[in-house]
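Chemist: build the 3D model from these lines:
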Amino acid sequence: MLKKLIKNSLALTLMCLSLTINADELGYETISPAQPTQSADKIEVVEFFWYGCPHCYAFEPLIDKWSKSLPKNVEFIRQPAVFNDVWAKHAKAYYIAETLGVVEKVHADLFDTIQNKKEPLDTEEALAKFFAAHGVNETQFKEAYSSFGVDSKVRQAPVIAAKYGITGVPTVIINGKYKTNGTVAGSHEKMIEVINTLIKKESAGK
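Modeler: Numbers count the residues shown, from 1 in each chain. Have a look, this model is predicted:
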């Protein structure tokens, strides 16, 4: 009986190892079940990130450059990940920027302020000062900060991450079917290669 258990355990271990090796070779994992996308006409690429994550900060210039020359059939979506209260506050900063239409203006500076200047930006006062420095009207900021829309998006963020089995960032989802990150792909540069490969794969299937 003991020999049988050991044999079965070894078989399961080898199976898991095999799956891990295959995932690493491909540079991505398959999401099961696949999740619906917002548009059937577009290939959706979703980046899960956190402003306090040094790996996301390192990945940002690569994904930003990549996003500047997307094929017409690809839609890029930034998605803040929320795993605790601090992450929620930083997600709120992103959704405020989105609501005010200033994401492209402040996104990189939010990373820089938190990562390099070591300012946590985790209070209303700190965020108000940050957005004011980027030309945002104080009244508009306060309205966005207190809005139902921003609050709702922050509360939905953990639910969205759970759908894809997100456990760390940066992680990128391709068309609701595939998931890649630095560990699985091997590097941030490889992540971009994997994203492009999967876009081609999905484009061929449409």
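
Chemist: for the most centrally placed residue in the chain, what are phi and psi?
Modeler: Taking C-alpha atoms, centre = their mean, the centroid of the chain lies closest to residue 48, which sits 0.9 Å from it. Main-chain torsions, residue 48, degrees, to the nearest 10: phi -90, psi 130.

Chemist: is it true that it touches residue 169?
Modeler: Yes. Using C-beta atoms under 8 Å, residue 48 is in contact with residue 169, at 5.1 Å. C-beta: built from backbone N, CA, C; applies to glycine.

Chemist: now the common contact residues for these two.
Modeler: residue 81 (C-beta atoms under 8 Å, 6 or more residues apart in numbering).

Chemist: residue 43 pairs with what?
Modeler: Per DSSP bridges, the residues bridged to residue 43 are residue 74.

Chemist: contacts only, for it.
Modeler: 37, 73, 74, 75, 174, 175, 199, 202, 203, 206 are the contacts of residue 43 under C-beta under 8 Å, 6+ apart.

Chemist: quick one: the fifth one from residue 74, how far?
Modeler: Meaning residue 174. 10 Å (C-beta to C-beta, to the nearest Å).

Chemist: now the common contact residues for these two.
Modeler: 43, 44, 45, 199.

Chemist: now distance to residue 165 and pLDDT too, for the residues you listed, in JSON lines please.
Modeler: Putting the shared contacts of residue 174 and residue 74 into JSON lines (distance: C-beta to C-beta, whole Å; pLDDT from 0 to 100) gives the following:
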{"residue": "43", "distance to residue 165": "20", "pLDDT": "97"}
{"residue": "44", "distance to residue 165": "17", "pLDDT": "98"}
{"residue": "45", "distance to residue 165": "17", "pLDDT": "98"}
{"residue": "199", "distance to residue 165": "21", "pLDDT": "98"}
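
Chemist: just confirm residue 157 is within a strand.
Modeler: No. Counting by DSSP: H, G, I helix; E, B strand; the rest coil, residue 157 is not found in a strand; it is helix.

Chemist: need the nearest residue in space to residue 77, chain neighbours excluded.
Modeler: The spatially closest residue to residue 77, leaving aside those adjacent along the chain, is residue 46, at 4.7 Å (C-beta to C-beta, 6 or more residues apart in numbering).

Chemist: from residue 96, how far out is residue 119?
Modeler: 16 Å.

Chemist: between these two, tell me which one has more neighbours.
Modeler: Counting neighbours by other C-beta atoms under 10 Å for residue 119 and for residue 96 shows that residue 96 has the greater number, 26 against 13.

Chemist: sorry, back to before: the residue nearest to residue 77 in helix, strand or coil?
Modeler: Once three-state DSSP is applied, residue 46 turns out strand.
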